[in-house]
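Undergrad: What follows is a predicted protein model with its sequence.
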Amino acid sequence: MSSITIFDPAMCCSTGVCGPSVDPELTRIASALHKLEAEGVEVKRYNLANDPAEFVQNEQVKELLKTEGADALPFVFFNGHLQTTGDYPSNQELATYFSIDPQQLETKKPKLKIDLKSI
């Protein structure tokens, strides 16, 4: 089974998609990860604020934090191999790595339009 593991910087919740001002990049990656899960990819995500033990137990992550510091987060692993640090992979990169159509990872706007004048 294919997998992606992300070690996120400290955020207010597990995905960072909460609060009054949400970073669109966090929304994009959360959506893409949800869609990857639907395609059978195992997704693990750890937040430095909520899951510090995961950062300490993983020797490679612990060493990266020691040498690069927390500013280098997120650390992204594909199938156990470090792929990126400091940024989340693009939808195109995810699609290429997991051999899926990039359009499957795009967030589509709803086509339903509501006419408030008719209410």
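TA: That came through fine.
Undergrad: Next, residue 31: phi, psi?
TA: Recorded main-chain torsions at residue 31 are phi -70, psi -40, according to degrees, to the nearest 10.
Undergrad: Touching, it and residue 104? I think so.
TA: No: Residue 31 sits out of contact with residue 104 when judged by Cβ atoms under 8 Å, with a separation of 11.0 Å. (C-beta placed from N, C-alpha, C; glycine too.)
Undergrad: What separation do you get for the residue nearest the centre of the chain and residue 62?
TA: For the chain, the residue sitting closest to the mean C-alpha position, by Cα atoms, centre = their mean, is residue 29 at 4.2 Å. In this structure, residue 29 lies at 23 Å from residue 62, with Cβ to Cβ, to the nearest Å as the measure.
Undergrad: Over to residue 74?
TA: With Cβ to Cβ as the criterion, residue 74 and residue 62 are 15 Å apart.
Undergrad: So for these two, which sits in the more crowded spot?
TA: In terms of neighbours (other Cβ atoms under 10 Å), residue 74 is the more surrounded of residue 74 and residue 62; the figures are 20 against 12.
Undergrad: Just the pLDDT for that one.
TA: Residue 74 carries a pLDDT value of 97.
Undergrad: any idea which helix or strand comes after the lowest-mean-pLDDT helix or strand in the chain?
TA: Each helix and strand of the chain was given a mean pLDDT (mean pLDDT, DSSP states H and E); the minimum falls on helix 24-38 at a mean of 92. Per DSSP states H and E, helix 24-38 leads on to strand 42-47 as the next helix or strand towards the C-terminus.
Undergrad: Okay, strands next: where are they in the chain?
TA: For the chain, applying DSSP state E gives strands covering 3-8, 42-47, 75-78, 81-85.
Undergrad: Among those strands, which comes closest to residue 24?
TA: strand 3-8 (15.7 Å; Cβ to Cβ).
Undergrad: Rounded mean pLDDT for that closest one, please.
TA: Here the average pLDDT along strand 3-8 is 97.
Undergrad: quick check: angle from it to helix 24-38?
TA: Between strand 3-8 and helix 24-38, the angle formed by their directions is 150 degrees, by axes from the mean of the first three to the mean of the last three Cα atoms, to 10 degrees.
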